[in-house]
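Chemist: Make a model of this:
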Amino acid sequence: MSVLLSIKPKYVEEIVNGNKKYEFRKAVWKRENLKKIYIYSPLPVKKIIGIFYVGDIIEDSPEYLWGEFKDHSGIAEEEFFNYFKTHDTGFAIEINHLDLFDNPIDPYELFSDFNPPQSYYYIDENFLLQ
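Modeler: Numbering: from 1, shown residues only. I've put the predicted structure just below:
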């Protein structure tokens, strides 16, 4: 099992450019040992564009996360705090080894009932890569 995350195209670009080394989330998956994240880039791309491997996952207050990771956040301070405005804790997921696909995957062709994840969901990567 792996995880599929929706990441806005502007943040995908920041990841690709090396400016965003942490993905921030209000919640993360419960399963242990999930180390591979598939990136779904929503409108206008609407494709699974690659994977990254998870480094550390840090749970703490948004203030702490911003203080520690702002230089590698790839996001403006105002956007960051607006995202976490109703949460006392958040997560910083370290992005290790980004691997972009030469041919992004169209999930709408693979899954007739595909709905982009609001936060994340589990996927069977063996089915995805057939």
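Chemist: Spell out the secondary structure type for P44.
Modeler: Look at P44: counting by DSSP: H, G, I helix; E, B strand; the rest coil, its state is coil.
Chemist: What is the neighbour count of it?
Modeler: P44 has 6 neighbouring residues, counting by other CB atoms under 10 Å. For the C-beta atoms, the positions are set from N, CA and C on the backbone; glycine is no exception.
Chemist: close enough to count as contact, it and P9?
Modeler: Yes: contact criterion CB atoms under 8 Å: P44 and P9 qualify, at 7.2 Å.
Chemist: Sheet partners, orientation included, of the longest strand along the chain?
Modeler: Scanning the chain for the strand with the most residues, using DSSP state E, yields strand 90-105. Sheet pairing for strand 90-105, assigned by DSSP bridges, gives strand 22-25 (antiparallel), strand 47-60 (antiparallel).
Chemist: Which strands or helices does the helix or strand just after the longest one pack on?
Modeler: Heading C-terminal from strand 47-60, the first helix or strand you meet, by DSSP states H and E, is helix 62-69. The elements that helix 62-69 packs onto, with contact taken as 3 or more CB pairs under 8 Å, 6 or more residues apart in numbering; DSSP states H and E, are strand 22-25, strand 47-60, helix 77-83, strand 90-105.
Chemist: contact partners of helix 62-69?
Modeler: 21-22, 24, 58, 60, 73, 77, 80-81, 84, 87-92 (CB atoms under 8 Å, 6 or more residues apart in numbering).
Chemist: same check, this time on stretch 48-55
Modeler: With CB under 8 Å, 6+ apart as the test, stretch 48-55 has contacts from 2, 4, 12, 15, 34-41, 93-101, 104-107, 128.
Chemist: now stretch 19-34
Modeler: So stretch 19-34 is contacted by 1-3, 5, 7, 11, 14-15, 37, 54, 57, 59, 65, 69, 72-75, 80, 83-84, 87, 90-95, 119-120, 122 (CB under 8 Å, 6+ apart).
Chemist: Check stretch 81-100 too.
Modeler: Contact partners of stretch 81-100, identified using CB under 8 Å, 6+ apart, comprise 15-16, 20-28, 37, 49-62, 65-66, 68-69.
Chemist: repeat that for 7 Å
Modeler: Stretch 81-100 has contacts (CB atoms under 7 Å, 6 or more residues apart in numbering) with 15-16, 21-26, 28, 49-62, 65, 69.
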